[in-house]
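1. here you go, sequence then predicted model.
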Amino acid sequence: MNKDILTSLRPALVMTILFAILLGLAYPLALTGIGQLVFPSQANGSLIQQDGRFVGSALIGQGFSSDRYFSSRPSAAGGGYDGLASSGSNLGPTSQALIARVKADRDALTRANPGRPIPVDLVTASGSGLDPDISPDAAYYQVDRIARVRSMDVGRVKSLVDQTIERPLFGILGEPRVNVLEINRRLDRIGASKTE
Amino acid sequence: MTFQGWILILGFVGILLMLAKPMGLWLFALYEGRRTPLHMVFGPIESGFYKLAGIDPNAEQGWRRYAVHMLIFNAALLLFTYAVLRLQGVLPLNPLGYAGLSEHLSFNTAVSFTTNTNWQSYGGESTMSNLSQMLGLTIHNFLSAATGIALAFALFRGFAGRETKGIGNFWADLTRITLYLLLPACFLYALFLIASGVPQTLAGSVDVTTLEGARQTLALGPVASQEAIKMLGTNGGGFFNTNSAHPFENPSALTNFVQMLSIFLIGVGLTYTFGKAVGNVRQGWAILAAMTFLFLLGTAVTYWQEAAGNPVLHQLGIAGGNMEGKEVRFGIAASALFSVVTTAASCGAVNAMHDSFTALGGMIPLLNIQLGEVVVGGVGAGIYGFLLFAILAVFVAGLMVGRTPEYVGKKIEGREVKLAVLAIAVLPLMILGFSALASVLPAGLAGPLNKGPHGFSEILYAFTSAVGNNGSAFAGLTANTPFYNGMLGVAMWVGRFCVIVPMLAIAGGLAAKKYTPETAGSFPTTGPLWTGLLIGLILIVGGLTFLPSLALGPIADHVAMINGQLF
């Protein structure tokens, strides 16, 4: 046993250093170099530029408090959609805190969008707290409100939702969904072209 | 449950089974130390490493030497990462200026990554510098995975050996698995992830101004390089706090599907490799059949429960499945499937928050780990854990029919059975003992976020995950305290190495035995009867041991949930 320990020391130390260099430095740095060269947009966070500034990432959700925008899902990331503190609520199915939160959200949603059943994703916090999407149901649910607040034709807003829905890949992978930042940018563009 | 959801699940299993043989053959080449096409590229690195470290890759090691070299290497890695984490504040590549980690968090994290657990008491984006992620953590993702596969190879050699002392050379196994499998595969995998939107940069973060004019700071970093090995090596330690639920780790349904496949890929391949190693691939298929059955059973329960949703929410007029803690782009089917995959393997990555699953939907991930993560299991760890159950199963079968137990040509005798029971008993002893302790001590009771039975589930899940080297969590538990970091650190170390050492002892003992050819009197270990026996034994040993604790946690929680009782 002692001899086994003695013979192991040199390989253990040297291999730790060699593998640290190979796997801890060379591998990630080589990938960083290639990623920055070949896929610069994706490698840096899929940022969206508008009027010369970054307005967000195509992959990361943001909070929308104004009635004029489609709302995102509830978020438990920091104070809401905090890109430095991703988090789910971690509340279990029998949690009073969960049910109280859902009730409050339900009542607020019903006031702003009366007369429709509430889609479940609008009152549940996502896993990451940064979910960029809502379900098509959750988008349609908000159509009347958006049309009213923006003085737009309901059919126009509805067709905007239709156009923004992303379908599952090959019809199987993923759920139909609406990227909230994307649809809100399209809303703004319609608004801008109107005022011109 | 939807038709589309079931197509996804069955398609996943179908593709996986098709990949078992090619993956198994590649692993078999590494098992035998044969030359692969990749030797052209990495061959010089391999021989260079041996030369510098003074290693003779052809020197056969007995099980004791194999075990000691493996342990000392893992101890060296542990100290290395501990130092990197403690010194984080003064080391480079720290764009957000994070300070060094506390003693107990550094200890917990170093143990966690060394043991392939990847339990995370910290939130990645708010704690770790880029250097810590790369140099402190990513290397463990490779080397703990390579260690696991090497150990499986050692056990295979025990079964395949004919009156020999040696069970291979640890350094050769480790280096070949890393250079000819994990590193090249992860390189391509990471490129796919980058193309799909996973960041790979040395920047720490970027600021954007949202449509409503607020400032949002997005954490970035070398994510893809860590993400690839995190999945393929069944490590599960995410770059970000919310792991594969975070859009930067898992941006789309396609990356999600590939991530699930990559968790299982090496594990299913190893069942085929085992069959090849013992000269009868049907032995491997019999094991894979038992695994697939248990896997589909667990998936069905979790998918059913999550799709049925939370009755308390239904009473508030909100219909539909349970979306708390789930991402819209994955939906319920892919979240349920991921949770079963990650706990059947010892991965522990999550794409949804298990803590917010329905009571029974969340019980399956817990139970999967308690069964010993033998349903495919972690890379290496899954198959050697499963073979321990196989040893018990032939012993039980032998007792029932009055035959001498044999398995793949080796007589199973008292020594093997005792060591197998020792390795298997570590799990319940540690999980139940530590959970009980944490449930009565004030420092333990301070942890849970949820109250009532769900709070107990959080504690039970934490120790189950640690001892089982899984790493997923009911993440409401506040675990970054000296009490939990210390206890969970010990649990992870014991859960890994107190299984490995008896397992290697079995390998050494088996290698020395002579080959016993199959006769008409041997119990066949390839047919449906054998597969059924394995399934039964795993469910009985796991189920009976843990049922009382499950009754106090998830089952009580379920009864409360359907009666609308809140805590």
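-> All right, it came through fine.

2. residue contacts, the residue in chain A that chain B sits nearest to?
-> Per CB to the nearest CB, the residue of chain A with the smallest distance to chain B is residue A:174, at 2.7 Å. Bear in mind the C-beta positions are built from the backbone N, C-alpha and C, glycine included. Neighbouring residues of residue A:174 by CB atoms under 8 Å, 6 or more residues apart in numbering or on different chains: A:166, A:168, B:252, B:253, B:254, B:256, B:329, B:330, B:331, B:334.

3. if any of these are buried, give me the PyMOL selection for them.
-> For the buried members of the contacts of residue A:174, the matching PyMOL selection, counting by 16 or more other CB atoms under 10 Å in any protein chain shown, is:
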select buried, (chain A and resi 166+168) or (chain B and resi 252+253+256+329+330+331+334)
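
4. which of the contacts of residue A:174 lies closest to residue B:498?
-> Comparing these against residue B:498 with CB to CB picks out residue B:256 as the nearest, at 34.4 Å.

5. doesn't that closest one belong to a strand?
-> No: with DSSP: H, G, I helix; E, B strand; the rest coil as the criterion, residue B:256 is assigned helix and is not in a strand.

6. what pLDDT does it get?
-> At residue B:256, the model reports a pLDDT of 97.

7. could you pull up the residues touching it?
-> Here residue B:256 is in contact with A:173, A:174, B:244, B:250, B:329, B:330, B:334, B:338, B:351 (CB under 8 Å, 6+ apart).

8. 7 Å instead?
-> For residue B:256, the contacting residues are B:250, B:330, B:334, B:338, B:351, by CB atoms under 7 Å, 6 or more residues apart in numbering or on different chains.

9. which ones among those map onto helices?
-> Counting by DSSP state H, these place B:334, B:338 in helices.

10. counting neighbours, what do you get for residue B:316?
-> By the criterion of other CB atoms under 10 Å in any protein chain shown, residue B:316 has 15 neighbours.

11. phi and psi next, for it.
-> With angles defined as degrees, to the nearest 10, residue B:316 sits at phi -90, psi 10.

12. now the one 10 residues further on
-> Taking degrees, to the nearest 10, you get phi -120, psi 150 for the backbone angles of residue B:326.

13. and what of residue B:360?
-> phi -80, psi -30.

14. tell me how far residue B:96 lies from chain A.
-> The spacing between residue B:96 and chain A, counted by CB to the nearest CB, to the nearest Å, is 8 Å.

15. residues contacting that residue?
-> Contacts of residue B:96 by CB under 7 Å, 6+ apart are B:204, B:205.

16. same thing but at 8 Å, please
-> Residue B:96 makes contacts with B:129, B:204, B:205, as judged by CB under 8 Å, 6+ apart.

17. for these, which one is nearest chain A?
-> Here the nearest of the contacts of residue B:96 to chain A, counting by CB to the nearest CB, is residue B:205; it sits at 6.7 Å.

18. need the per-residue pLDDT for the nearest residue to the residue of chain A closest to chain B once chain neighbours are set aside.
-> Closest residue in space to residue A:174, ignoring its immediate chain neighbours: residue B:253 at 2.7 Å, by CB to CB, 6 or more residues apart in numbering or on different chains. What the model reports as pLDDT for residue B:253 is 96.

19. for residue B:253, what are phi and psi?
-> phi -60, psi -30.

20. next one: it from residue A:170, what distance?
-> Remark: distance between residue B:253 and residue A:170 (CB to CB, to the nearest Å) = 10 Å.

21. now render the contacts of residue B:96 as a markdown table, adding secondary structure and pLDDT.
-> Shown next, in a markdown table, are the contacts of residue B:96 (DSSP: H, G, I helix; E, B strand; the rest coil; pLDDT from 0 to 100):
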| residue | secondary structure | pLDDT |
| --- | --- | --- |
| B:129 | coil | 95 |
| B:204 | coil | 93 |
| B:205 | strand | 94 |
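
22. same for the helix or strand where residue B:550 lies, what does it pack against?
-> For residue B:550, the host element (DSSP states H and E) is helix B:528-550. Packing contacts for helix B:528-550, counted by 3 or more CB pairs under 8 Å, 6 or more residues apart in numbering or on different chains; DSSP states H and E, involve helix B:281-308, helix B:359-370, helix B:381-401, helix B:414-440.

23. any weak-confidence spans in the chain?
-> Picking chain A for this. A:1, A:193-196 (pLDDT under 70).

24. could you pull out the strands for it?
-> Using DSSP state E, the strands of chain A run over A:47-50, A:53-57, A:133-134, A:178-179.

25. return the most buried member of these.
-> Highest mean neighbour count among the strands of chain A (mean count of other CB atoms under 10 Å in any protein chain shown): strand A:133-134, with a mean of 26.

26. OK, contacts around residue B:417?
-> Listed by CB under 8 Å, 6+ apart, the contact set of residue B:417 reads B:391, B:392, B:395.

27. against chain A, how distant is the last one?
-> It stands for residue B:395. Separation of residue B:395 from chain A (CB to the nearest CB): 29 Å.

28. what do you get for the second one?
-> In this structure, residue B:392 and chain A are 29 Å apart, going by CB to the nearest CB.

29. I figured that residue hits residue B:538, correct?
-> No: checked against CB atoms under 8 Å, the pair residue B:392 and residue B:538 is beyond contact range at 9.3 Å.

30. now do the shared contacts for these two.
-> Common contact partners of residue B:392 and residue B:538 (CB under 8 Å, 6+ apart): none.

31. list the contacts for residue B:441?
-> Residue B:441 makes contact with residue B:483, according to CB under 8 Å, 6+ apart.

32. tell me the confidence at it?
-> Looking at residue B:441, its pLDDT stands at 96.

33. phi, psi of residue B:162?
-> The phi/psi pair for residue B:162 (degrees, to the nearest 10) reads phi -120, psi 100.

34. hang on, isn't it packed against residue B:515?
-> Yes: contact criterion CB under 8 Å: residue B:162 and residue B:515 qualify, at 5.4 Å.

35. so how far is the helix or strand following the helix holding residue B:550 off the chain centroid?
-> Using DSSP H and E, the helix or strand that follows helix B:528-550 in sequence is helix B:556-562. Between the centre of helix B:556-562 and the centre of its chain there are 29 Å (CA atoms, centre = their mean, to the nearest Å).

36. can you mark which positions in helix B:556-562 are buried?
-> Residues of helix B:556-562 classed as buried: B:556, B:557, B:558, B:560, B:561 (neighbour count, 16+ other CB under 10 Å).

37. send the alpha carbons of that helix over as CSV?
-> Extracted C-alpha coordinates of helix B:556-562, given in CSV (Å, rounded to 0.1, in the frame of the first residue of the first chain):
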residue,chain,number,x,y,z
ALA,B,556,-47.7,13.3,2.3
ASP,B,557,-47.2,16.3,0.1
HIS,B,558,-49.4,14.7,-2.6
VAL,B,559,-52.2,13.9,-0.2
ALA,B,560,-52.1,17.5,1.0
MET,B,561,-52.1,18.8,-2.6
ILE,B,562,-55.2,16.8,-3.6
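
38. does it come close to chain A?
-> Yes: judged by CB under 8 Å from any CB of the partner chain, helix B:556-562 comes into contact with chain A through B:557, B:560, B:561.

39. how about residue 128, what does it touch?
-> Defaulting to chain A. Going by CB under 8 Å, 6+ apart, residue A:128 touches A:77, A:86, A:87, A:88, B:240, B:242, B:245, B:246, B:247, B:327.

40. not quite, go with chain B.
-> Neighbouring residues of residue B:128 by CB under 8 Å, 6+ apart: B:88, B:98, B:122, B:136, B:137.

41. quick check: domain ranges of chain A?
-> A:2-40, A:46-195 (automatic domain parsing).

42. out of the ones you listed, deepest packed?
-> domain A:46-195 (a mean of 19).

43. just curious, which of the contacts of residue B:417 is nearest to residue B:488?
-> Distance ranking of the contacts of residue B:417 against residue B:488, using CB to CB, places residue B:392 first at 27.9 Å.

44. nearest spatial neighbour of that closest one, skipping sequence neighbours?
-> residue B:420 (5.6 Å).
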